[in-house]
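> Requesting a structural model of the entry that follows:
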Amino acid sequence: MATKPGELRPGSHFTLSIWHPDCWTLEVTEDTDAGLLGHGVYHVEEKVKGRFTVYGESEDAAPRVIVNHEESLHSRRV
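Just a heads-up that it's a prediction; the model follows:
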């Protein structure tokens, strides 16, 4: 069955590539086999906080993202 442009079928998924200057999510994942899934970003008491899940192809991928995050100049705390 053919679909119309913009129409979704069960099982459809999308990959969204986002880039902006000094993006900490790109910075902390660029040298790993891991990625980040964002669940939301919130403003709390003059700060921006987010909830993310780290995923990867191996058990070694997630810890490297956390180390990269701790070393980043664009993020504060894991």
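> which SS state does Gly40 fall under?
strand (DSSP: H, G, I helix; E, B strand; the rest coil).
> swap in Asn68?
helix.
> okay, now it: neighbour count?
Around Asn68 there are 18 other residues, counting by other C-beta atoms under 10 Å. C-beta here means a position set from N, CA and C on the backbone, and glycine is covered the same way.
> Kindly state the pLDDT recorded for it?
Per-residue pLDDT puts Asn68 at 89.
> How about Ala2?
Note for Ala2: predicted pLDDT of 64.
> and whatever helix or strand Lys49 lives in, what does it pack onto?
Element membership of Lys49 [criterion: DSSP states H and E] is strand 47-56. Where contact means 3 or more C-beta pairs under 8 Å, 6 or more residues apart in numbering; DSSP states H and E, strand 47-56 is packed against strand 34-44, helix 61-71.
> Distance from the chain centre to the last one, please.
The reference is to helix 61-71. Computed by C-alpha atoms, centre = their mean, to the nearest Å, the chain-centroid distance of helix 61-71 equals 13 Å.
> In the chain, where is pLDDT below threshold?
1-3, 8 (pLDDT under 70).
> How many residues are close by the residue lying closest to Leu37 once chain neighbours are set aside?
Nearest in space to Leu37, with sequence neighbours left out and distances taken as C-beta to C-beta, 6 or more residues apart in numbering, is Thr53 at 4.4 Å. Look at Thr53: counted by other C-beta under 10 Å, it has 10 neighbours.
> who touches Thr53 in this structure?
Leu36, Leu37, His39 (C-beta atoms under 8 Å, 6 or more residues apart in numbering).
> quick revisit: just the helices and strands packed on strand 47-56: most buried one?
helix 61-71 (a mean of 16; mean count of other C-beta atoms under 10 Å).
> Just the residues contacting that one, thanks.
24, 27-29, 31-34, 36, 54-56, 75, 78.
> for these, which one is nearest Pro10?
Nearest to Pro10 among the contacts of helix 61-71: Tyr55, at 22.7 Å, using C-beta to C-beta.
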